[in-house]
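S.K.: Take a look and give me a structure for this.
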Amino acid sequence: MDALQVKNLSVAYEEKVVLQNVNLTIPVGHLTGIIGPNGAGKSTLIKAILNQLPNKTGAVHILERPLNAKDHTVGYVPQRNAVDWDFPTNALDVVLMGRYGHIGMIKKPSAKDKQIAMDCLKDVGMEAFADRSIGQLSGGQQQRVFLARALAQEAEVYFMDEPFVGVDAATERTIIAILKDLKAKGKSVFVVHHDLQTAADYFDWIILLNQTITASGPTEQTFTEDNLQEAYGGKLFFMDQTKSNKTFN
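M.R.: A predicted model of the protein is given here:
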């Protein structure tokens with residue numbers, strides 16, 4: 001089964017084309033990095049896949065079916081700057097939002113739902129902050145809480161938009177360990193990522209994007225100097241030319 005199929009996807013904001021003729025087929029069970037220069041349309045790609053953008057053409061299938069608004073098999077972690085951190089709620093309540101696909105918006109969370117939420121907070125090292133207002137948390141702590149919310153959803157496919165931006169090194173290690181654990185459990189994870197130095201270590205599948213797909217496939221086949229230069233318009237400087245240890249600026 002394929003986790004994601006995208007056919008002839010194009011997106012425009014008013015007169016500006018942001019994505020054009022994007023085609024992808026990604027099998028189930030991969031930890032996939034979505035990589036490209038600023039303005040390449042990486043976040044737009046995720047939003048278009050999740051039906052959050054009206055001005056698009058093409059077709060998207062997740063787990064070989066169109067996305068249903070009530071489908072709790074798909075989890076999403078947005079960029080931190082897209083969240084209202086002044087909203088009066090605590091960390092536990094945020095994580096419980098990930099259970100709404102299972103219990104509905106009207107019903108109250110059960111003891112089981114609350115235990116699942118607490119377990120997810122524990123998985124990200126935030127159980128001690130369950131009652132803390134999200135506005136009082138640091139950037140890294142906020143990101144951990146939103147990751148816990150996605151885990152509480154118990155999804156099969158996850159989309160994460162720049163989860164490592166603005167977090168400390170310990171939080172980044174925690175996040176990538178959880179993502180690799182999801183992959184080990186057969187889940188499919190898609191991550192917008194900027195750091196080329198960690199990409200080969202973090203992901204086993206790479207999508208290189210610059211308004212359209214320049215390359216997509218297993219990391220060892222796709223994450224090459226030639227493909228990166230094409231995706232970044234020839235603007236990358238390779239300090240170390242050895243295949244085993246490249247540094248990108």
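S.K.: From here on, just use CA atoms for contacts and neighbour counts.
M.R.: OK.
S.K.: any idea whether the residue positioned nearest the centre of the chain is helix, strand or coil?
M.R.: Residue closest to the mean C-alpha point of the chain, counted by Cα atoms, centre = their mean, is residue 160 at 1.6 Å. Assigned with DSSP: H, G, I helix; E, B strand; the rest coil, residue 160 falls in the strand class.
S.K.: Just to check, it is in contact with residue 188?
M.R.: No. Using Cα atoms under 8 Å, residue 160 is not in contact with residue 188, being 11.2 Å away.
S.K.: Put the alpha carbons of the helix or strand of the chain with the lowest mean pLDDT into PDB.
M.R.: Least confident element among the helices and strands of the chain, by mean pLDDT, DSSP states H and E: helix 100-103 (a mean of 73). Output in PDB follows, covering the C-alpha atoms of helix 100-103 (Å, rounded to 0.1, in the frame of the first residue of the first chain):
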ATOM      1  CA  TYR A 100     -11.400  14.100  19.200                       C
ATOM      2  CA  GLY A 101     -11.300  11.900  16.000                       C
ATOM      3  CA  HIS A 102     -12.000   8.900  18.300                       C
ATOM      4  CA  ILE A 103     -14.500  10.400  20.700                       C
END
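S.K.: Can you name the element that comes right after it?
M.R.: Toward the C-terminus, helix 100-103 is succeeded by helix 111-123 as the next helix or strand (DSSP states H and E).
S.K.: Okay, strands next: where are they in this structure?
M.R.: Here the chain has its strands, by DSSP state E, at 2-13, 16-27, 31-35, 56-62, 74-77, 157-161, 188-192, 205-209, 213-218.
S.K.: Run me through the strand neighbours of the fifth one, direction for each.
M.R.: Right, strand 74-77. Note on strand 74-77: by DSSP bridges, its sheet partners are strand 157-161 (parallel).
S.K.: and if you look at the second one?
M.R.: According to DSSP bridges, strand 16-27 forms sheet pairs with strand 2-13 (antiparallel).
S.K.: what's the angle between the partner strand and strand 56-62?
M.R.: Put simply, strand 2-13 runs at 160 degrees to strand 56-62, going by axes from the mean of the first three to the mean of the last three Cα atoms, to 10 degrees.
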